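# Here is a sequence with its predicted model. Questions after.
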Amino acid sequence: MNIYVLLKKTFDTEEKIAVTNGEIDSDGVEYIINPYDEYAVEEAIKQRDAHGGEVTVVTVGDEDSEKQLRTALAMGADKAVLINTEDDLEDGDQFTTAKILEAYLEDKEADLILAGNVAIDEASGQVGPRLAERLGIACVTTITGLEIDGDLAKIDKDVEGDVEKLEVNLPLLVTCQQGLNDPRYPSLPGIMKAKKKPLEELEIDDLDLEEDDLEPKTKTVDIFLPPEKEAGRVLEGEIADQVKELVSLLRNEKKVL
């Protein structure tokens, strides 16, 4: 099987986000593989081990994204591709990313493409479905089970606390949800092997794309942190008095009534 995994570099979930002059302050911040993408990497490795073939992890990012690609290689992926846009693009959005990935994948004859359900930084969940549409292949989101038999994929899809069972023909793009598997930790031998595995670096020019082709369709108007939580209040007295006080607080202080 020819398997590809879409991977994104995101903030470590333990990091405290700071905003300076309307921009996220990234100085000294630790980055990791987007946690949902780890499920995609793990599932790709499992499917390769079961059916043969190879796993290629792909990211659109900057030079620092190599660290996350090497981590995926240490987990067991076979090859990695970094599409470096650092010097070619000032801004981008989900449309931009999907367009770049389409240009890379359109002649790769992928049997299976896996991505995380969402990225924890923007949480749009758009790149996978957009890419599948552009490639003209089937797409199933939020999967929690995947079994492949020949050209047929049997899928469990999470639907608001329940499970929908689907059968879809390959080629196929799926986005991976928590519960699909337990991502492995890179072993020491895996880390050593990863240093010798191929990591290809491409730029926009290598994909025959022009900057005008990648102009984002959305614009970030403002970035700000939510207000700090206030201390809770305990209402005392008779129930009827508490209800009156609560309604007064909601109407006069919080302005929600």
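Sure thing, it's come through. Since we're looking at a predicted model, the values are computed, not measured. Numbers count the residues shown, from 1 in each chain.
# mind listing the helices for the stretch 1-150 of the chain?
35-51, 66-75, 94-105, 127-135 (DSSP state H, counting those that start in this stretch).
# Quick one: closest of these to Gly190.
helix 66-75 (4.3 Å; CB to CB). Just so you know, the C-beta spots here come from the backbone N, C-alpha and C atoms, and that holds for glycine as well.
# what's that closest one packed up against?
Contact partners of helix 66-75 among helices and strands, from 3 or more CB pairs under 8 Å, 6 or more residues apart in numbering; DSSP states H and E: strand 31-33, helix 35-51, strand 54-61, strand 79-84, helix 188-194, strand 199-203.
# can you rerun that using 7 Å?
strand 31-33, helix 35-51, strand 54-61, strand 79-84, helix 188-194 (3 or more CB pairs under 7 Å, 6 or more residues apart in numbering; DSSP states H and E).
# any idea of the mean pLDDT for the shortest one?
It stands for strand 31-33. The average pLDDT within strand 31-33 is 89.
# what do you get for the third one?
Averaging pLDDT along strand 54-61 gives 95.
# tell me what it is packed against?
Partner elements for strand 54-61 (3+ CB pairs under 7 Å, 6+ apart): strand 2-6, helix 35-51, helix 66-75, strand 79-84, helix 94-105.
# Any chance you could list what contacts the lowest-mean-pLDDT helix or strand in the chain?
Every helix and strand in the chain was compared by mean pLDDT, DSSP states H and E; the lowest is strand 23-24, with a mean of 74. With contacts defined as CB atoms under 7 Å, 6 or more residues apart in numbering, strand 23-24 is touched by Ile17, Ile223.
# so what strands line up beside it?
strand 19-20 (antiparallel) (DSSP bridges).
# re the thing from before, winner for burial among the helices and strands packed on helix 66-75?
Stretch with highest mean neighbour count among the helices and strands packed on helix 66-75: strand 54-61 (a mean of 23; mean count of other CB atoms under 10 Å).
# Any idea how far the least confident helix or strand of the chain is from the middle of the chain?
With CA atoms, centre = their mean, to the nearest Å as the basis, strand 23-24 stands 20 Å off its chain's centre.
# Then stretch 17-30?
On CA atoms, centre = their mean, the centre of stretch 17-30 falls 20 Å from that of its chain.
# Can you give me the first-to-last residue distance of it?
The first and final residues of stretch 17-30 sit 11 Å from each other (CA to CA, to the nearest Å).
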